[in-house]
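Engineer: Compute the structure for the input listed below.
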Amino acid sequence: MKVDNLTLSFWNKIVLNKVSLEIKPGEFVFIIWYSWSGKTSLIRSIIWDFKPASWDIVLDNWGVLYGNFSEKFLRQYRRKIGVIFQDYKLLESKTVYENVAFAMEVCNYKEKDIIKKVPEVLEQVGLLLKKDKFATELSGWEKQRVSIARALVHDPEVIIWDEPTGNLDPKTALNIMEIFEELGRLGKTVIIATHDKNIVDTYKKRVISFKDKKIFSDENPWNYNL
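Structural biologist: Numbering: from 1, shown residues only. Sure, this is the predicted structure:
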């Protein structure tokens, strides 16, 4: 993934200022930040929830995200990126299976593909035996795993995890991280935005830090240090 000269503003207030970064295929990267430095805005710009004032966003060997594209193009683009949000965004009226299947239904996958793929990703995150449980019956770490499964169901090239361990105890956080270590070994590009010093210092990957709406430092490997 490559981001060139990305600038984002709201009501004439700059949120991100000429951000440029390149993350190579299969790379594992932590993003850390000072408060209000634009981390979430960067993620939402990448998935096109926010429209930057200027930008080039390129997924490896796939294409550039420009302003003049169709809804079909945007759906195809978003399939290439799996995003796991901090608040899970699960549908409480649906079961674990239905929550993951819904992510495929809205992208017009065929029923036979849904039936095949959903159990695969639930097994990958260790939740196949809980496929018929409702979201309200799950623990926090189980909800996190459903969110991960939903992000993986499109077999994305890039996986972005926003503040993954904020609601988890240290042992559970490390267990969850094992899933992402495996995804990295399988060649996925993994980007984790976090405040968790323990996770960053344990895994010793490339660390990009943000400050004052810009990239402040970019080191590989590096410990957590703001």
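
Engineer: what about the strands in this protein?
Structural biologist: Under the criterion DSSP state E, the chain carries strands at the ranges 2-10, 13-22, 28-33, 54-59, 63-65, 81-84, 158-162, 189-193, 206-211, 214-219.

Engineer: want to try CSV for these, with mean pLDDT as columns?
Structural biologist: Listed next are these as CSV, based on pLDDT from 0 to 100:
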stretch, mean pLDDT
strand 2-10, 79
strand 13-22, 83
strand 28-33, 88
strand 54-59, 59
strand 63-65, 52
strand 81-84, 86
strand 158-162, 88
strand 189-193, 91
strand 206-211, 87
strand 214-219, 84
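
Engineer: Can you tell me which helix or strand of this protein has the lowest average pLDDT?
Structural biologist: Taking mean pLDDT, DSSP states H and E as the measure, the chain has strand 63-65 as its least confident helix or strand, at a mean of 52.

Engineer: How about the contacts made by the residue nearest to the spatial centre of the chain?
Structural biologist: The residue at the geometric middle of the chain, judged as the C-alpha nearest the mean C-alpha position with C-alpha atoms, centre = their mean, is Ile160 (1.9 Å). The neighbours of Ile160, taking C-beta atoms under 8 Å, 6 or more residues apart in numbering as the test, are 43, 46-47, 81-84, 191-193. All C-beta spots, glycine's among them, are computed from the backbone N, C-alpha and C.
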